[in-house]
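> Need a 3D model of the sequence below.
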Amino acid sequence: MTTPVLIRQDTGETLVLDGLVRLGYAPTLRVPTHRTERRRDVVDDVSEDVPALSLSVVFSETPTVAGLPSGVERLQQVRAFLEGVRDALLDGDLALLTYDDGRDDPRTNLILQAWPSERAILLNERYNFTLRESRIARVTTVDIGEQGATSDNARPDVAASRAGEDDRGNVASRELRALQMLGVVN
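Numbering: from 1, shown residues only. Take a look at the predicted model:
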């Protein structure tokens, strides 16, 4: 069995989770409600929320995996890893993590959201990590070729990246014109 690890995707730094006690995964749905005039809530949409991964890990001065530092150095290594992730996040870097336990596909693009800890008398520390999967927006460039927009029904103002003087889709401007005709606004 492979020992679970957290890997920083930007630096490759690894934190071995040798004392993993519990692993939880919480996929959730977002169900927005809207109040009607009759004071009843209606639901008109359901979307998938960003799942959370929770890990409960005990780090001790006597790790169970060979090759890891022992004693106080092990606990300092854990704290340094977490502080490095926290500092990167506060500096505006994503510091994305990957969780890999060797059994399932690795979970990537995780952001460390919380890591409360408890210290025990026997020189060990217990952490409860909450990690959120992130959906990264990526820039996509589309090459439309030398001809530009060539469709027979393409609007020239849209193809030239400018809207026409008559904004055909802006509902607010239609409402404003109606209010102007009624003399409510100038």
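
> how about stretch 90-101: buried residues?
For stretch 90-101, burial by neighbour count (16 or more other C-beta atoms under 10 Å) applies to Ala95, Leu96, Leu97, Thr98, Tyr99, Asp100, Asp101. From N, CA and C alone the C-beta is placed, and that goes for glycine too.

> Distance from it to the middle of the chain?
10 Å (C-alpha atoms, centre = their mean, to the nearest Å).

> So which of the buried residues of stretch 90-101 is the closest to Leu75?
Leu97 (19.7 Å; C-beta to C-beta).

> Could you give the bridge partners of that closest one?
Arg8, Leu110 (DSSP bridges).

> In this model Pro4 seems to touch it, though I could be wrong.
No. Leu97 is not in contact with Pro4 according to C-beta atoms under 8 Å; the separation is 12.0 Å.

> For Glu133, give its distance to His34.
27 Å (C-beta to C-beta, to the nearest Å).

> Comparing these two, which shows the higher neighbour count?
Glu133 (18 against 10; other C-beta atoms under 10 Å).

> is it possible to export the buried residues of stretch 90-101 to CSV including distance to Trp115 and pLDDT?
As requested, those are arranged in CSV below (distance: C-beta to C-beta, whole Å; pLDDT from 0 to 100):
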residue, distance to Trp115, pLDDT
Ala95, 13, 86
Leu96, 15, 90
Leu97, 11, 91
Thr98, 16, 92
Tyr99, 13, 91
Asp100, 18, 90
Asp101, 18, 86
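
> Now tabulate those residues in JSON lines and tack on distance to Thr62.
Listed next are those as JSON lines, based on distance: C-beta to C-beta, whole Å:
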{"residue": "Ala95", "distance to Thr62": "29"}
{"residue": "Leu96", "distance to Thr62": "31"}
{"residue": "Leu97", "distance to Thr62": "25"}
{"residue": "Thr98", "distance to Thr62": "27"}
{"residue": "Tyr99", "distance to Thr62": "24"}
{"residue": "Asp100", "distance to Thr62": "24"}
{"residue": "Asp101", "distance to Thr62": "22"}
